[in-house]
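Q: structure of the sequence below:
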Amino acid sequence: MRAAMKSLLRAIYPPGCIACEVPVAHEHALCGACWRDTPFVTGLACDGCGRPLPGAAGDGPAHCDDCLARPRPWEQARAALLYERQARRVVLRFKHGDRLDLARPAARWMTAAAQPLLRPDMLIAPVPLHWTRLLRRRYNQAALLAQGVAQATGLEHCPDLLLRPHRTALQAGPHELRFENIAGAIAPHPRRGRRAEGRHVLLVDDVFTSGATLAVAAEACHRAGADAVSVLALARAAGTGDDARDGVAAGERVA
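A: Coordinates of the predicted model:
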């Protein structure tokens, strides 16, 4: 009965593309045009920030010039998408448009991108929101993504491994100001933080821009006793340096 009702509803209200809403054959899917206009990160990527690099993926680590000049406090990073064109539209709908259903396809894409990062006994944790922003938004998009990746991989998930006890201004401006703004704003949970001890933690967030928020979160994991940290984002801001920061709309919470 339930299956028949679902089929009837699909016939009356066919599923729409998650980017442009034109009818598609399956739920939580992109239409052909939007798929072609969605920049997935494939092939060789920087192990420091997940940015695509020229050349073919090899056996050794690869780093962009920015990450060679500014080492990151984690082992590896990956992103599923570049934050532009239809990918940007999907991220904004999920982040600011109450489109929680988009967590499902986003987590699927992130799980595929995360394959080089995954380790046995890895602990998955989201970048936290301050409680005032969580109250206003009603959900932490990073936590929904982390939960989806954990379900897809079968790895352990700790949604409150980290806390954000201090509210900070929205991340904007030059790289140095972003790090100054977020310094000390994230800490291990006084009880659940111990779950990171001796573990490899996979930090999950929606958008990776300068890496300031993720760096503070990674440092908090290390203070909690984590052996290693890796980073997974839904989208990586395109470009380098100020170009990447300018590519993210004002008012968005970015890493």
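Q: how distant is stretch 74-81 from the center of its chain?
A: How far stretch 74-81 lies from its chain's middle: 9 Å, per Cα atoms, centre = their mean, to the nearest Å.
Q: hmm, who's touching it?
A: Contacting residues not belonging to stretch 74-81 are listed as 38-41, 45-51, 61, 87, 90-91, 106, 109-110, 112-114, 116-117, 203, 208, 214, 218, 228-236 [Cβ atoms under 8 Å, 6 or more residues apart in numbering]. C-beta here means a position set from N, CA and C on the backbone, and glycine is covered the same way.
Q: just those residues: which are in strands?
A: With DSSP state E as the criterion, strands contain 203, 208, 228-236 from among these.
Q: farthest-separated two in these?
A: Between any two of these, the greatest separation by Cβ to Cβ is 23.6 Å, found for Ala228 and Ala235.
Q: and these two? which has more neighbours close in?
A: Ala235 (30 against 16; other Cβ atoms under 10 Å).
Q: give the contact list for that one.
A: Ala235 is in contact with 79-83, 87-88, 91, 206-208, counting by Cβ under 8 Å, 6+ apart.
Q: just to revisit the earlier point, could you write me a ChimeraX select line covering just the buried ones among the contacts of stretch 74-81?
A: The command below creates a ChimeraX selection of those among the contacts of stretch 74-81 that count as buried (16 or more other Cβ atoms under 10 Å):
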select :38,39,41,45,46,47,48,49,50,51,87,90,91,106,109,110,113,114,117,203,208,214,218,228,229,230,231,232,233,234,235,236
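Q: these two touch, right, Gln147 and Leu155?
A: No - look at Gln147 against Leu155 with Cβ atoms under 8 Å: they stay out of range, at 11.1 Å.
Q: who wins for most neighbours among the contacts of Ala235?
A: Highest neighbour count within the contacts of Ala235: Ala79, with 30 neighbours (other Cβ under 10 Å).
Q: quick one: the helix or strand encompassing that residue to strand 228-236, angle?
A: Using DSSP states H and E, Ala79 falls within strand 77-82. Strand 77-82 and strand 228-236 are oriented at 10 degrees to each other (axes from the mean of the first three to the mean of the last three Cα atoms, to 10 degrees).
Q: do a quick rundown of the strands in the stretch 151-255 of the chain.
A: When assigned using DSSP state E, counting those that start in this stretch, the strands of the stretch 151-255 of the chain occupy the ranges 156-157, 162-163, 187-188, 200-208, 228-236.
Q: what lines up beside the fourth one in the sheet?
A: Counting by DSSP bridges, the strands paired with strand 200-208 are strand 123-126 (parallel), strand 228-236 (parallel).
Q: Leu161 is nearest to which of those strands?
A: Comparing those by their distance to Leu161 (Cβ to Cβ), the top pick is strand 123-126, with 3.8 Å.
Q: ok, back up a step: turn the strands paired with strand 200-208 into a markdown table, including distance to Pro159 and mean pLDDT.
A: Rendered in a markdown table, the data for these read as follows (distance: least, Cβ to Cβ, whole Å; pLDDT from 0 to 100):
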| stretch | distance to Pro159 | mean pLDDT |
| --- | --- | --- |
| strand 123-126 | 6 | 98 |
| strand 228-236 | 15 | 98 |
